[in-house]
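**Student:** when you get a sec, could you give me coordinates for this:
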Amino acid sequence: MSSYLSVTGILTQIQPLAGNDGAAYGCTLALSVRTQNSQEVQFTMNGDTYVVDNVPFNPGDRVTVFYDADAPAQLIYPPRYQAVAAATASYYQYYLGEFYNSLVSTDGTLQLNGNVPLNAFLPNGQIFSGALAGKVLLVEYAASTRSIPAQVTPSRLFVFCRT
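**Tutor:** As a prediction, this is how the structure comes out:
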């Protein structure tokens, strides 16, 4: 089980990274995100990074980028992480994590309410009709309660069947 962390901020720069042989140039992108605290965080994004709605990013966009907290990372400043998932964060908020049978996240911070299976999709856009428990979910929601765990009625769920 992986744990995921997120960074939300303004995308300040996006540029292609060169591959070892030059043939992969443009297949991996470097993103620089400036948080609300004026901290800079860098991400690498490749073809395995899930982007909500396949929306291209542009400098100036408000984005939320998720990374695997358990993955190895270089000890450099500003920090650079491999992006697992990303979304523009203009209206919705996002959460990425695994959920128990009770639809409470494994870290205990979020609980899903409502008729969520109707709004559940696979990353390729197909409707997901299986059980949500034990799956990694990217939750898109507009508002949450201030309870612990915070309760949300998701607008959409993106279900990742592999962990």
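**Student:** can I see the domain layout of this protein?
**Tutor:** Under the assignment automatic domain parsing, the domains of the chain span 4-88, 93-160.
**Student:** Throw these into TSV and include mean pLDDT and mean neighbour count, thanks.
**Tutor:** In this view, the C-beta of every residue, glycine as well, is placed from N, C-alpha and C. Below are these laid out as TSV (pLDDT from 0 to 100; neighbours: other CB atoms under 10 Å):
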stretch	mean pLDDT	mean neighbour count
domain 4-88	90	15
domain 93-160	89	16
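**Student:** ends of stretch 71-88, how far apart?
**Tutor:** Stretch 71-88 has an end-to-end distance of 23 Å (CA to CA, to the nearest Å).
**Student:** wait, I meant stretch 110-125
**Tutor:** Start-to-end span of stretch 110-125 (CA to CA) is 24 Å.
**Student:** go on, stretch 147-155?
**Tutor:** Terminal-residue distance, stretch 147-155 (CA to CA): 19 Å.
**Student:** contacts for the longest strand seen in the chain?
**Tutor:** Scanning the chain for the strand with the most residues, using DSSP state E, yields strand 4-17. Contact partners of strand 4-17, identified using CB atoms under 8 Å, 6 or more residues apart in numbering, comprise 25-36, 40-41, 43-44, 57-69, 84-85, 89, 94-97, 136.
**Student:** with stretch 80-93 instead?
**Tutor:** With CB under 8 Å, 6+ apart, stretch 80-93 has contacts from 4, 8, 30-31, 41-46, 49-53, 55, 57, 61-68, 71, 73-74, 94, 96, 138, 140-142, 144, 155, 158.
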